[in-house]
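Participant: Using only what follows, build the 3D model:
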Amino acid sequence: MPARGDPASAQTAQPTSLVATTPDTPSTPRPGELFRLAAAVYLVLALLGLGGIGIARGGIPPALLLPALPWWVDVLAGAAAAALLLGAWWLVRRFALARELEARLRDRLGPLGPGEAYGLALLSGVAEEVFFRGALQPAIGMPVATLLFAVLHSGRGRAMLLWTASALVAGSLLGALMLWRGSLFAPILCHTLVNAVQLRRLLVVTAHGSAAPPAT
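Facilitator: The predicted structure is shown next:
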């Protein structure tokens, strides 16, 4: 038996941390890590969008962020569009490829607390809509802005292509809301509601210590 400090024992000892750092093993973000990183990214995206709007319009009109009159039309339109997108995904996820996408996103993003999930939904909904629908769409047109929005939601593999395709559909609907109402309120509401439901369903840790499984 090798003595303590013997080189043979050092060669056979395997630190448990190697399991987490092996390239083939997916790493899970530490609690709060994803939220802090995403908050920083979305803050930059929102500032870029607001800067672009300010330059193009000579300022940021409050009406751009508030519901157009009558206000309840924007509320109903945003909520109805969110329900439409969520209902469409509920149908699509009956296919194995959609469930594979959900599993990949869950592994990539890691667990969230309820407050983090809803906070991230709000941050992403506001920042992405301000940037893509508020700044880019008037500058380069809805088709190109929607295509860039879809490209942002992309990755390797067939499952990630489905994510890109779903973002293309969602971006088209969000862009149409902006064109129709002339305000970001309905697109932001729709985007935030969709992300809140999906993040809560996929990533929030349950009392048993695991992410809530999607309904089958």
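
Participant: all strands of the protein, in order?
Facilitator: Defined through DSSP state E, the strands belonging to the chain form an empty list.

Participant: where are the low-confidence patches of the protein?
Facilitator: Under the criterion of pLDDT under 70, the regions of the chain flagged as low confidence span 1-32, 205-216.

Participant: Pretty sure Thr164 sits against Ala150.
Facilitator: Yes: contact criterion Cβ atoms under 8 Å: Thr164 and Ala150 qualify, at 5.2 Å. Where C-beta positions appear, they are placed from N, C-alpha and C, glycine not excepted.

Participant: Show me which of those two is the more surrounded one.
Facilitator: Each of Thr164 and Ala150 had its neighbours counted (other Cβ atoms under 10 Å), and the higher figure belongs to Ala150 (19 against 16).

Participant: For Arg158, see how far away that one is.
Facilitator: 16 Å (Cβ to Cβ, to the nearest Å).

Participant: And for Glu102, the neighbour number?
Facilitator: The number of residues packed near Glu102 is 18, by other Cβ under 10 Å.

Participant: State the phi and psi torsions of His153.
Facilitator: Dihedral pair for His153: phi -100, psi 70, per degrees, to the nearest 10.

Participant: residues touching the residue nearest to it when sequence neighbours are not counted, list them.
Facilitator: What sits nearest to His153 in space, not counting adjacent residues and going by Cβ to Cβ, 6 or more residues apart in numbering, is Ala167, at 3.7 Å. Listed by Cβ atoms under 8 Å, 6 or more residues apart in numbering, the contact partners of Ala167 are Phe149, Ala150, Leu152, His153.

Participant: Could you rerun that using 7 Å?
Facilitator: Under the criterion of Cβ atoms under 7 Å, 6 or more residues apart in numbering, the contact partners of Ala167 comprise Phe149, Ala150, His153.

Participant: Same list (those) but as CSV, adding distance to Ala83.
Facilitator: Output for the contacts of Ala167, formatted as CSV (distance: Cβ to Cβ, whole Å):
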residue, distance to Ala83
Phe149, 20
Ala150, 21
His153, 20
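
Participant: of all those, which comes closest to Glu100?
Facilitator: Out of the contacts of Ala167, the one with the shortest distance to Glu100 is His153. That distance is 15.8 Å, counting by Cβ to Cβ.

Participant: Tell me, how many residues neighbour that closest one?
Facilitator: For His153, the neighbour count with other Cβ under 10 Å is 16.

Participant: With the one 5 residues further on instead?
Facilitator: If you count neighbours by other Cβ under 10 Å, Arg158 ends up with 9.

Participant: Nothing else from me, thank you.
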